[in-house]
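Trainee: Structure for this input, please:
(chains A, B, C and D)
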Protein chains: 2
Amino acid sequence: MDIQLKRGLLDVCVLASIKNEDSYGYKIIKDVSPYVELSESTLYTILKRLETKNMLSVRSIEHAGRLRKYYHITSLGLQRIESFKVEWKEIVSIYKFITKEDR
Amino acid sequence: MDIQLKRGLLDVCVLASIKNEDSYGYKIIKDVSPYVELSESTLYTILKRLETKNMLSVRSIEHAGRLRKYYHITSLGLQRIESFKVEWKEIVSIYKFITKEDR
DNA sequence: TGAAATACCTCATATCACGATGTATATCGT
DNA sequence: ACGATATACATCGTGATATGAGGTATTTCA
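Mentor: This next block holds a predicted model:
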């Protein structure tokens, strides 16, 4: 898939993957990968960005001797998902413009 | 609309706007604007990029004393539109992932 | 024992949208 | 006659960002 097309989708994908249940980096990749390719470096960049924007909160939990950082969605994160749903309508109208045959 | 979401959509929009009839910068903006906001600086950047990628060809035509650059879509440009249609299915599946309620 | 999986992180690079800015002519209202 | 607006092109610098390459450390399993 085109790199540029993924932009804007990725942030919301990550938010969606923690929406119903807190999750951590490694698991998020597993969950999202079937839908969008997502490398580790990209994910951690996104997680940091979303944290800076207060769209998620973090808490470290020890698990099997290793540290895990669990990410929890905030109300701002939920709002981001909602505004994406609005933007989706615009995207669909753009899609129709692109695929329109006679113009 | 989110800046990032536009990426990847813009190039294809421009290609779609010249698909059925050759067009020029100023007209392309008028045609595309109702669907996506598009500034002049952005458009000319895109046109140059698409030309470099051989997705369109250019020819200058004198019109009312002023120069107009008409853009014509190439077979590579048409291919780009077709591959977008394939990518669209992926985008829809991502949308479903994002809006899925129980996970 | 050693490879693969789990789990985190950083840095440099390339791509790109866009505001600001600039040039020049035509048209239209007053 | 004149100034504003529309038409039509172009460039540059900035900020945002996806990703490959690299790094650390533990656990699991063949």
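
Trainee: following the one helix or strand A:Tyr71 maps to, which helix or strand comes up?
Mentor: When secondary structure is defined using DSSP states H and E, the element that contains A:Tyr71 is strand A:66-73. Taking DSSP H and E as the definition, the helix or strand that follows strand A:66-73 towards the C-terminus is helix A:75-99.

Trainee: Can you spell out which helices and strands pack onto that following helix?
Mentor: With contacts defined as 3 or more C-beta pairs under 8 Å, 6 or more residues apart in numbering or on different chains; DSSP states H and E, the secondary structure elements packing on helix A:75-99 are helix A:9-17, helix B:9-17, helix B:75-99. Every C-beta, even on glycine, is put in place using the N, C-alpha and C of the backbone.

Trainee: For A:Ser83, which of those is the nearest?
Mentor: Taking C-beta to C-beta as the criterion, A:Ser83 comes closest to helix A:9-17 out of the helices and strands packed on helix A:75-99, the separation being 9.2 Å.

Trainee: how about the following helix or strand past the closest one against DNA strand D, any contact?
Mentor: The first helix or strand that comes after helix A:9-17 along the chain, using DSSP H and E, is strand A:23-24. No - using C-beta under 7 Å from any atom of the strand, we find that strand A:23-24 stays clear of DNA strand D, coming within 13.6 Å at best.

Trainee: now the helices and strands packed on helix A:75-99 in TSV, with mean neighbour count and distance to A:Lys53?
Mentor: Below are these laid out as TSV (neighbours: other C-beta atoms under 10 Å in any protein chain shown; distance: least, C-beta to C-beta, whole Å):
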stretch	mean neighbour count	distance to A:Lys53
helix A:9-17	24	9
helix B:9-17	24	23
helix B:75-99	15	17
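
Trainee: Of those, which is nearest DNA strand D?
Mentor: Checking those against DNA strand D by C-beta to the nearest atom of the strand gives helix A:9-17 as the closest, at 4.9 Å.

Trainee: one step back: output the helices and strands packed on helix A:75-99 as JSON lines; include the columns distance to DNA strand D and mean pLDDT.
Mentor: Rendered in JSON lines, the data for the helices and strands packed on helix A:75-99 read as follows (distance: least, C-beta to the nearest atom of the strand, whole Å; pLDDT from 0 to 100):
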{"stretch": "helix A:9-17", "distance to DNA strand D": "5", "mean pLDDT": "96"}
{"stretch": "helix B:9-17", "distance to DNA strand D": "12", "mean pLDDT": "96"}
{"stretch": "helix B:75-99", "distance to DNA strand D": "13", "mean pLDDT": "95"}
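
Trainee: Turn those helices into CSV, columns for distance to DNA strand C.
Mentor: Listed next are the helices and strands packed on helix A:75-99 as CSV, based on distance: least, C-beta to the nearest atom of the strand, whole Å:
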stretch, distance to DNA strand C
helix A:9-17, 12
helix B:9-17, 4
helix B:75-99, 12
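
Trainee: can you put those helices in JSON lines and add distance to A:His63?
Mentor: As requested, the helices and strands packed on helix A:75-99 are exported to JSON lines (distance: least, C-beta to C-beta, whole Å):
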{"stretch": "helix A:9-17", "distance to A:His63": "18"}
{"stretch": "helix B:9-17", "distance to A:His63": "40"}
{"stretch": "helix B:75-99", "distance to A:His63": "26"}
